[in-house]
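1. Fold the following, please.
(one chain, ligands or ions: 2)
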Amino acid sequence: MTDTPREIVLIKNGELALKGLNRGTFETALVKNLKRRLRSLGSFELRRAQSTIYVEPLDSDIDMDDVCRCVSQVFGIAAFSRARVVEKDLAAIQAAAVDYLRDTLEAAATFKVESKRADKTFPYPSPAISAEVGGAILEAFPHLKVDVHEPDVIVNVEIRDFGAYVHTAQIPGAGGMPVGTAGYAAVLISGGIDSPVAAYMMAKRGLALTAIHFASPPYTSERAEQKVRDLLRQVGHYAGRIKYILVPFTEIQEAIRDHCPEELFTLVMRRMMMRIASRIAEREDCGALITGESLGQVASQTVPALRCTDAVATMPVFRPVIGMDKEEIIRVSRKIGTFDISIQPYEDCCTVFTPRHPRTRPTLRMLEEAEAAFDFEPLLNKAVADAVPTTL
Ligand code: ATP
Ligand code: MG
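-> Ligands and ions are numbered 1, 2, ... in the order given. Predicted coordinates:
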């Protein structure tokens with residue numbers, strides 16, 4: 001038996017971002033996602049008991065900062081606590097509170113102790129535990145005062161079946177729903193700022209993601225494609241495992257350039273993307289598409305333009321950033337760590353053959369006429385057939 005103090009993460013029912021879903025399904029998915037995410041940090045035991053998920057490191061060299069960072073990126077958790085595990089003994093709990101919370105208590109002016117005794121075999125009732133632990137803290141930190149109304153620090157003591165726990169404030173979680181509980185969707189991912197944010201936002205609502213990226217070599221480079229993989233790996237810290245599908249798009253873009261009026265290049269291209277993405281999404285059992293379009297941001301994102309793109313999609317198209325300003329989107333991209341990758345200057349297929357004066361008020365008729373100029377069906381079939389899933 002070693003005496004090294006152990007730490008644990010506690011996620012309580014009140015801290016689950018549960019809405020509308022059966023609690024059992026929600027928790028099972030959450031525990032599965034947590035297990036998978038934590039695997040890279042070492043071995044853990046995850047237990048569900050007394051309306052709490054216990055995340056307990058089993059290796060002594062696991063860094064709890066890493067564990068907390070990892071847990072804070074798993075959707076479905078509104079908040080969690082990092083706690084010291086203590087023997088169920090009052091003197092041990094007093095010593096642990098003083099030792100474990102030393103830095104926080106030294107920096108505070110006021111505190112209070114809140115105790116919960118779930119294990120009724122523990123001989124002291126909650127108010128007595130609070131009084132005893134509070135006394136020990138006052139003795140160790142004479143500058144402190146008790147304030148039960150607005151304390152700087154709340155010291156939590158919990159006596160549960162598996163042990164006793166001491167902790168302070170809750171840590172904010174990522175919110176949202178566990179990935180997978182809302183089904184599958186395919187995100188059209190570019191190397192830009194917006195689509196990784198869109199992917200993050202929909203994963204937050206519980207969608208497991210397949211990512212579709214269109215590349216047009218040699219107009220687009222190997223580096224541009226690598227950037228997309230880097231972005232997806234970063235989004236994966238939140239969204240979990242992402243299936244990646246690369247679509248060869250060169251022939252289609254060349255055909256558009258050769259056959260369509262220049263002012264419609266971008267829109268015809270976007271409709272081809274939607275057609276291909278819809279087919280791949282059907283094949284991959286996805287129920288929706290996700291894009292990073294934001295109203296009015298560019299010519300292809302006006303209402304008439306979006307109407308033309310939507311017309312060829314065979315499933316709902318989610319555009320979570322549609323009502324966000326660029327600044328707001330950038331704020332999220334910084335928060336999730338995709339911004340610095342997105343701003344690396346590599347060309348996307350959208351910047352190949354861009355029209356000088358794109359149409360901002362296109363009609364479906366204009367587009368259908370432009371597309372009638374060439375036989376795109378075989379090209380679409382070929383692109384879909386050649387688009388194979390790879391691991392990131
Ligand atoms: P982003 O910042 O996401 O690149 P954007 O503002 O640059 O978006 P567009 O380039 O017009 O806008 O693209 C709009 C949306 O179309 C993107 O958010 C993305 O969902 C999709 N898209 C664009 N280029 C590609 C691509 N090469 N592969 C897959 N999807 C793409
Ligand atoms: Mg773009």
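
2. How about the contacts made by residue 95?
-> residue 136 (Cβ atoms under 8 Å, 6 or more residues apart in numbering). All C-beta spots, glycine's among them, are computed from the backbone N, C-alpha and C.

3. in which helix or strand would I find it?
-> In the assignment (DSSP states H and E), residue 95 maps to helix 90-100.

4. buried residues in that helix?
-> Buried positions in helix 90-100, judged by neighbour count with 16 or more other Cβ atoms under 10 Å: 90, 93-98, 100.

5. next one: stretch 51-65
-> 52-57, 62.

6. Same check on stretch 359-367?
-> For stretch 359-367, using 16+ other Cβ under 10 Å, the buried residues are 359-360, 362, 366-367.

7. which of the residues you listed sit farthest apart?
-> 360 and 367 (13.5 Å; Cβ to Cβ).

8. excluding its backbone neighbours, what's nearest residue 374?
-> Excluding the flanking residues, the one nearest residue 374 by Cβ to Cβ, 6 or more residues apart in numbering is residue 259, at 4.1 Å.

9. Same question for residue 302.
-> residue 360 (5.0 Å).

10. Might one say that that neighbour is in contact with residue 297?
-> No: the pair residue 360 / residue 297 is not scored as a contact, 11.7 Å apart, by Cβ atoms under 8 Å.

11. The residue in the chain that ligand 1 sits nearest to - how many residues pack around it?
-> Residue nearest to ligand 1 within the chain: residue 192 (2.1 Å; Cβ to the nearest ligand atom). Residues contacting residue 192 under the criterion other Cβ atoms under 10 Å number 19.

12. quick one: it is in a helix?
-> No: assessed with DSSP: H, G, I helix; E, B strand; the rest coil, residue 192 is coil; it does not lie in a helix.

13. nearest residue to it other than its sequence neighbours?
-> In space, and not counting its chain neighbours, residue 192 is closest to residue 342: 6.0 Å by Cβ to Cβ, 6+ apart.

14. Roughly how far does the one you found sit from ligand 2?
-> 9 Å (Cβ to the ion, to the nearest Å).

15. can you check residue 302 too?
-> With distances taken as Cβ to the ion, residue 302 is found 16 Å from ligand 2.

16. and that residue, how many neighbours does it have?
-> For residue 302, using other Cβ under 10 Å, the count is 18.

17. tell me the contacts of it?
-> By Cβ under 8 Å, 6+ apart, the neighbours of residue 302 are 295-296, 360-361.

18. How about the secondary structure of the residue nearest the centre of the chain?
-> With distances taken as Cα atoms, centre = their mean, the residue of the chain nearest its centroid is residue 238 (2.9 Å). Secondary structure assignment for residue 238 (three-state DSSP): helix.

19. ok, it - contacts?
-> 73-75, 174, 200, 203-204, 336 are the contacts of residue 238 under Cβ under 8 Å, 6+ apart.

20. If we use 7 Å, what do you get?
-> Taking Cβ atoms under 7 Å, 6 or more residues apart in numbering as the criterion, residue 238 is in contact with 73, 75, 174, 200, 203, 336.

21. Next, the contact list for the residue nearest to it when sequence neighbours are not counted, please.
-> Closest residue to residue 238 apart from its sequence neighbours, by Cβ to Cβ, 6+ apart: residue 73 at 5.1 Å. Shown in contact with residue 73 (Cβ under 7 Å, 6+ apart): 174, 237-238.

22. what about residue 73, distance to ligand 2?
-> 25 Å.

23. Count the neighbours of residue 310 for me.
-> Using other Cβ under 10 Å, the number of residues around residue 310 comes to 14.

24. wait, I meant residue 45
-> Counted with other Cβ under 10 Å, residues neighbouring residue 45 total 11.

25. Would you check that it makes contact with residue 59?
-> No: look at residue 45 against residue 59 with Cβ atoms under 7 Å: they stay out of range, at 10.9 Å.

26. And the next helix or strand past the strand or helix carrying residue 305?
-> Using DSSP H and E, residue 305 sits in helix 303-310. Using DSSP H and E, the helix or strand that follows helix 303-310 in sequence is strand 317-318.

27. Which per-residue confidence value corresponds to the residue lying closest to residue 109 once chain neighbours are set aside?
-> Spatial nearest neighbour of residue 109, chain neighbours left out: residue 152 (5.7 Å); criterion: Cβ to Cβ, 6+ apart. The model reports residue 152 with a pLDDT of 97.

28. what ranges do the helices span in the chain?
-> Counting by DSSP state H, the chain has helices at residues 23-38, 64-72, 90-100, 102-107, 126-140, 194-204, 222-239, 250-259, 265-283, 303-310, 326-335, 339-342, 364-371, 377-386.

29. ok, for residue 54, nearest residue in space, not its chain neighbours?
-> residue 47 (4.4 Å).
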